[in-house]
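1. Mind folding the following:
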Amino acid sequence: MSVIILNWNNWKATLEAIESVYRSDFEDYDVIVVDNASTDGSAERIREYAAGRIEPASNYLKARRHNKPLHLFELSEEEAKRGKFNKAFYRKIDPDRRLILIKNRKNYGFGGGNNVGMRFALAVLDTDYILLLNNDALLTPQTVSKLVETAETFKAGAVTPKILWARNPKLIDSAGGEYSKNGYSFDRGKFRPAGEFSEREEVSTVCAACSLYSSQALEEAGLFNDGLFFLYYEDTDLASRIRWAGWKLVYEPSAVAYHYGGKSTGGFEVNDLTVSHSLKGHLVCAVINLPRKYAPLYLMGNLVYALYNSLVRGKVKAVARGYSMLLPVLPAAVRERRRVRRKISERDFSRLLTLKWKAF
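-> Okay, the predicted model is just below:
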């Protein structure tokens, strides 16, 4: 089982995320940090952390773990792609004493950055599961073991935990996801009391801030569409393709994680980056995955989002930027739709879809 943490100019949060993995009660795991060409000295800070010279500060990581120094396996993007890695030596080291750092040449966005780590884990480490963990998310000691147990019990393509809002853990950040027929993707239970959503159930999408993916499901459905998505909706696209390939997505409430949210994208303020990439990602994801009968709904959904952000938020330039990015890739999205492996019927796929209009 490999944990992949993507870092971009936020090494402090990344160290917290790494440290939470080392507190796991799961016996065998890999920790892979993929740095998306940070300019804040992240790579050097991670080296200092591995050497035991700095410790992460967190309200959730009370007791210091005495597992330093770590053996740091540092690879360039090219070395990771070529599989240049001493796997035999690596496997001799205890999981909580080793760390892999892959340094990308440039910022590939969320999907592209994670893909570098996922390909390495699948091809070189021959991992059976991949846990994607945002660098502003934290695990509890039982998170991984409960996710893996559920994945194996139900032969799930992906399993997602109950993710609590780290800024106020009495509230839910995500209890699995909902994919709407109008193309909007929602976190279930957002800001509802933490005691709600206490039943395990199948869901229509999962939040990649913290979700466990079966390697077999990824091999069948593919990884992130990094040529079509940079930020936003790439996790809904991947989750949908996993469902089309015949796998279930399961929400496991006994597994708990924490998520701050927005530490690498500017916090909770709706900025131009969010608007433009959400506008693009919304329609690209819908074109690839939603049955054609829902086209009037998701086209209307995209227009509503554009009008709201233009007229109410005054984000005219961001909306224009979104459409300037969207229009050139629509033909590629149509081609990608034809390539999606569909093992279930449209009726089965639609069974878990909802119809909700986003509260902007």
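
2. Just give the number of residues close to the closest residue in space to Lys343 that isn't next to it in sequence.
-> Spatially, and ignoring its direct neighbours in sequence, Lys343 is nearest to Gly246 (3.7 Å; Cβ to Cβ, 6 or more residues apart in numbering). Using the backbone N, CA and C atoms, a C-beta is placed for each residue, glycine as well. When counting by other Cβ atoms under 10 Å, one arrives at 15 neighbours for Gly246.

3. Spatially, what comes nearest to Thr150 if we skip its sequence neighbours?
-> Thr150 sits nearest to Glu252 (Cβ to Cβ, 6+ apart), 4.4 Å away.

4. I meant Pro161, not that one.
-> Nearest non-adjacent residue to Pro161 (Cβ to Cβ, 6+ apart): Ala255, at 3.6 Å.

5. go on, Leu283?
-> Closest residue to Leu283 apart from its sequence neighbours, by Cβ to Cβ, 6+ apart: Asn302 at 4.8 Å.

6. starting at the chain centroid, how far to the biggest helix by length in the chain?
-> Using DSSP state H, we find that the single longest helix of the chain is helix 316-339. Remark: helix 316-339 is offset 21 Å from the chain centroid, using Cα atoms, centre = their mean, to the nearest Å.

7. swap in stretch 215-234?
-> Worked out by Cα atoms, centre = their mean, stretch 215-234 lies 10 Å from the chain centre.

8. One more: stretch 163-182?
-> Mean-position distance between stretch 163-182 and its chain equals 13 Å (Cα atoms, centre = their mean).

9. mind listing what's buried in that stretch?
-> 163-166, 171-182 (16 or more other Cβ atoms under 10 Å).

10. tell me the strands in the stretch 201-350 of the chain, going along the chain?
-> 201-202, 210-214, 249-259 (DSSP state E, counting those that start in this stretch).

11. Let's have these in a markdown table, adding mean pLDDT, mean neighbour count and distance to Glu19.
-> Listed next are these as a markdown table, based on pLDDT from 0 to 100; neighbours: other Cβ atoms under 10 Å; distance: least, Cβ to Cβ, whole Å:
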| stretch | mean pLDDT | mean neighbour count | distance to Glu19 |
| --- | --- | --- | --- |
| strand 201-202 | 98 | 14 | 31 |
| strand 210-214 | 98 | 27 | 15 |
| strand 249-259 | 98 | 23 | 13 |
